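**Q** okay, sequence plus prediction incoming.
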Amino acid sequence: MSSIAVSELAYSPPGAEQLFFDVSFGVTAGEHAAIVGPNGVGKSTILKILTGEYEADDGEFSIGGTFLKMTQDVGMSKPDDAVRDMLIEVAPTALREAGKRLFAAEKTMMSGEDDGMAYAEALGDWGDLGGYDLESQWAAAAQRSVKTPVTDFATRKVGELSGGERKRLVLDLLLNSGADVLFLDEPDNYLDIPTRAWLEDQIRTCKSTILMVSHDRLLLERVATKIIAVEGSGCWVHGGSYATFPEARQKRQELLGDDLKRWNDEERRLFHHMKIMKQRAAQNFKNATKANAAETRWEKFVKAGPPPPPVPDQQIYVRFTGADSARRVVKFESVAVDDLFLPFSDEVHFGERVGLIGPNGTGKTHLLNALNGKTEGLVGTITYGPRTSVGMFTQINDRPEFRGRECIDIVRDKLVDEQKSMAALARYGLRNNARQEFQTLSGGQKARLEILSLELAGHNVLLLDEPTDNLDIESSEALERALDGFEGTVLAVSHDRTFLARFERFVMITDDGDVWELPDFDVAIAGLSSPNDLSSLRLAKPLCDHAR
């Protein structure tokens with residue numbers, strides 16, 4: 001039966017404190033469940049434990065039937081690999097191992113190091129296990145997902161596909177695989193808005209049991225039938241969609257009672273956990289270290305006295321102040337970049353929130369980089385008005401100047417005073433990472449630190465490239481609130497529909513290279529759904545200087 005059962009799962013990263021020790025939940029056959037929670041709480045770690053990549057310190061779990069998995073960085077780390085190398089990683093275990101043996105034997109034979117006997121044997125195993133059927137599935141998925149035909153999976157490089165194409169190809173393959181259980185880690189990352197809508201349809205119609213991690217609030221509302229909230233050191237389950245989750249969580253917090261009751265509940269839980277570990281240590285001396293650790297944790301808890309609630313809200317406070325500038329902030333005159341889109345002309349005025357939208361690969365990030373001063377491939381003129389100060393948030397959070405530096409030092413460059421710097425880090429949920437080097441932070445932590453750096457710089461023009469991609473839901477909402485109160489101008493590339501809904505006008509680049517102005521969010525979504533018929537949309541206006 002295709003189900004997932006997890007009981008009292010515990011895990012400690014190597015050399016670090018325990019991440020969680022009381023994770024229990026179940027996902028029944030056909031359910032589509034989502035794990036939510038702050039960055040760094042262990043959502044992806046849970047998936048890695050269930051799929052065998054990590055080993056839990058304690059607890060148990062069971063998975064009914066066959067399962068397949070997709071990591072959040074699938075296809076992103078090895079662009080020089082062949083497409084088949086990427087796809088074999090998401091194949092069933094036996095086929096995955098047979099495929100790797102086949103590919104290795106093929107290379108050995110082609111180099112002349114083998115007479116072909118090993119290749120013939122590996123080819124037979126591949127066929128016996130269903131390798132040819134899998135290749136047919138690859139071909140069908142590629143035909144649906146990749147713009148240019150993939151004629152040879154052994155020679156086509158992963159890097160020749162866009163990030164969105166790689167993700168969609170793998171998702172298409174998994175969601176149509178017929179596997180009993182699917183584990184999907186941030187399946188929406190790198191997908192444009194039309195592809196996210198496609199993903200929603202695919203998940204809704206998929207008969208597999210699904211456990212996924214996602215920060216896309218609209219996707220969670222539309223496809224999740226159960227929410228597993230990882231908070232504190234454990235988790236709790238909301239048996240409904242994300243649309244009703246925030247209200248359910250608020251009610252749950254209220255029902256926890258006053259501070260003393262919450263403290264007593266947590267003390268009893270730690271005491272019970274310690275007793276269990278002591279009993280296990282009496283039966284097996286190998287558990288003595290864990291039992292001592294549980295006792296120490298309980299003793300420290302009691303000695304500290306009544307603490308905050310056991311599941312505290314993550315408090316993220318973003319404060320963009322901005323400043324006044326001239327009415328015309330930036331002027332585009334016959335602007336194009338690397339022939340990705342037709343030359344267009346437009347103006348952005350002070351205080352506007354402009355969303356740059358369109359399918360992946362149309363040049364949105366290139367345009368944002370041009371606004372940030374990168375002139376390579378730029379045609380035409382971009383002119384900023386007086387009194388403008390421009391800051392940019394990069395999609396991949398790649399800040400070479402931050403590498404090798406601790407968070408506190410990066411913030412202290414702006415604030416000088418250490419106490420103020422620690423307070424700023426605390427507002428972004430990074431206080432405990434103050435002495436951590438930038439490159440060791442998680443994707444979400446890097447994103448928060450970069451947004452904090454933008455805040456402290458005091459810019460009045462913000463260029464944001466996928467700012468919510470690696471942020472947890474609470475951090476995304478904090479950023480949205482800050483932008484609402486920001487006295488300045490924002491131009492953002494994003495595929496996060498909840499984030500974009502707060503913007504007031506949109507510039508859309510189509511696959512054909514046309515550039516259009518769309519006056520509001522509803523028109524923008526309609527335009528993304530019908531990119532070939534934008535002229536029929538209400539108030540849509542072409543910005544191109546001439547037709548291609």
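**A** Perfect, thanks for sending it.

**Q** poorly predicted segments of the chain, please.
**A** Scanning the chain for pLDDT under 70 picks out 1, 256-260, 306-317, 322-325, 396-398, 546-548.

**Q** what's downstream of the lengthiest helix in it, the next helix or strand?
**A** For the chain, the longest helix by residue count, based on DSSP state H, is helix 259-283. Following helix 259-283 in sequence order, the next helix or strand is helix 288-304 (DSSP states H and E).

**Q** which other residues reach that next one?
**A** 18, 57-58, 266-267, 270-271, 273-274, 277-278, 280-281, 307 (CB atoms under 8 Å, 6 or more residues apart in numbering). Any C-beta I mention is one placed from the backbone N, CA and C, and that applies to glycine too.

**Q** would you mind listing which of these are buried?
**A** 18, 57-58, 266-267, 270, 273-274, 277-278, 280-281 (16 or more other CB atoms under 10 Å).

**Q** now distance to S77 too, for those residues, in JSON lines please.
**A** Listed next are those as JSON lines, based on distance: CB to CB, whole Å:
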{"residue": "Q18", "distance to S77": "28"}
{"residue": "D57", "distance to S77": "27"}
{"residue": "D58", "distance to S77": "31"}
{"residue": "E266", "distance to S77": "40"}
{"residue": "E267", "distance to S77": "44"}
{"residue": "L270", "distance to S77": "39"}
{"residue": "H273", "distance to S77": "37"}
{"residue": "M274", "distance to S77": "41"}
{"residue": "M277", "distance to S77": "38"}
{"residue": "K278", "distance to S77": "43"}
{"residue": "R280", "distance to S77": "39"}
{"residue": "A281", "distance to S77": "41"}
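
**Q** of these, just say which sits nearest to I357.
**A** The closest of those to I357 turns out to be Q18 (CB to CB; 42.5 Å).

**Q** nearest residue to that closest one in space, please, no chain neighbours.
**A** Nearest residue to Q18, sequence neighbours excluded (CB to CB, 6 or more residues apart in numbering): S12, at 4.5 Å.

**Q** residues contacting F20?
**A** 9-11, 41-42, 230, 233-235.

**Q** bridge partners for it, pull those for me.
**A** Under the criterion DSSP bridges, F20 forms beta bridges with Y11.

**Q** try the one 5 residues further on
**A** Residues found in beta-bridge contact with F25 (criterion: DSSP bridges) are V6.

**Q** ok, it - contacts?
**A** F25 neighbours (CB under 8 Å, 6+ apart): 4, 6, 33, 228, 235, 237.

**Q** quick check on the first one: phi, psi?
**A** Think I4. Taking degrees, to the nearest 10, you get phi -130, psi 130 for the backbone angles of I4.

**Q** now the closest residue to it other than its chain neighbours. Its backbone dihedrals?
**A** Nearest non-adjacent residue to I4, counting by CB to CB, 6+ apart: V27, 4.2 Å away. Dihedral pair for V27: phi -130, psi 120, per degrees, to the nearest 10.

**Q** how close does V27 get to L220?
**A** Using CB to CB, to the nearest Å, V27 is found at 15 Å from L220.

**Q** list the contacts for G373?
**A** V390.

**Q** so it sits in a strand?
**A** No: assignment of G373 by DSSP: H, G, I helix; E, B strand; the rest coil gives coil, placing it outside any strand.

**Q** so the nearest residue in space to K331 that is not next to it in sequence, which state does it fall into?
**A** Take K331 and drop its neighbours on the chain: the residue closest to it by CB to CB, 6+ apart is T383, 4.7 Å away. What three-state DSSP gives for T383 is strand.

**Q** and T383, what does it touch?
**A** Per CB under 8 Å, 6+ apart, neighbours of T383: 330-331, 333.

**Q** quick one, which of the residues you listed are buried?
**A** Buried by 16+ other CB under 10 Å: V330, out of the contacts of T383.

**Q** and of the contacts of T383, the nearest to D185?
**A** Relative to D185, and with distances defined as CB to CB, the nearest of those is V330, at 37.7 Å.

**Q** helix, strand, or coil at the nearest residue to that closest one once chain neighbours are set aside?
**A** Using CB to CB, 6+ apart and skipping residues adjacent in sequence, the residue nearest V330 is V348, 4.8 Å away. Three-state call for V348 (three-state DSSP): strand.

**Q** go ahead and confirm V348 touches G355.
**A** No: here V348 lies out of contact with G355, judged by CB atoms under 8 Å, at a distance of 11.6 Å.

**Q** all set, thanks.
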